[in-house]
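1. here's my sequence, what's the structure:
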Amino acid sequence: MFTFKEDTTIVGVSELRSNFNKVIEIMKKTKVMLGKRNKPVAVIVPIERYNKMEEVIEEIEDLEYGLIAKERYENSRPEDYIDIAEVKKLIEDAEKKRRKAAHDKNPYLSRIPLAVLRDKKSRHFTGKRGTSQSTRTKRKQ
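-> Numbering: from 1, shown residues only. Purely as a prediction, here's the structure:
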């Protein structure tokens, strides 16, 4: 172990392996850096300190996202937004296109709701349209 400054100790990897409990005790009193050839490569911190650091980082990120949102709001115009009715219409149009494409490929599939279509992993139909497991068939792609 090599102590530099009054509150930081560098511990080698081999020393950490052989004196783990001693390093944990030192960690309670000073900062411990894991070193390779006396050069720091990592820092070992108590879990309480680590959790506090994570909380601070999350707070800073939240503030940053808040500032970004505020800036975007202040710089936006009403025409930058889409009305909910327009969004619903876009979704309905996309669903119609999907059904048309499915109908062009296989007319039977266009009548089946999305939730009933086949499970892609097993390649079996997963719907409950009155068919039992034994009568379900594989669909060729």
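
2. ok, the residue most central in space within the chain - contacts?
-> With distances taken as CA atoms, centre = their mean, the chain has Glu58 as the residue nearest its mean C-alpha position (14.9 Å). Not one residue lies near Glu58 by CB atoms under 8 Å, 6 or more residues apart in numbering. The C-beta positions use only the backbone N, C-alpha and C, and glycine is treated the same way.

3. what's the mean pLDDT across the longest helix that the chain contains?
-> For the chain, the helix with the greatest residue count under DSSP state H is helix 47-74. Rounded to a whole number, the mean pLDDT of helix 47-74 is 94.

4. buried residues, the helix or strand just after that helix. List them.
-> Where DSSP states H and E defines the elements, the next helix or strand beyond helix 47-74 is helix 84-105. For helix 84-105, a neighbour-count test (16 or more other CB atoms under 10 Å) marks Arg99, Ala102 as buried.
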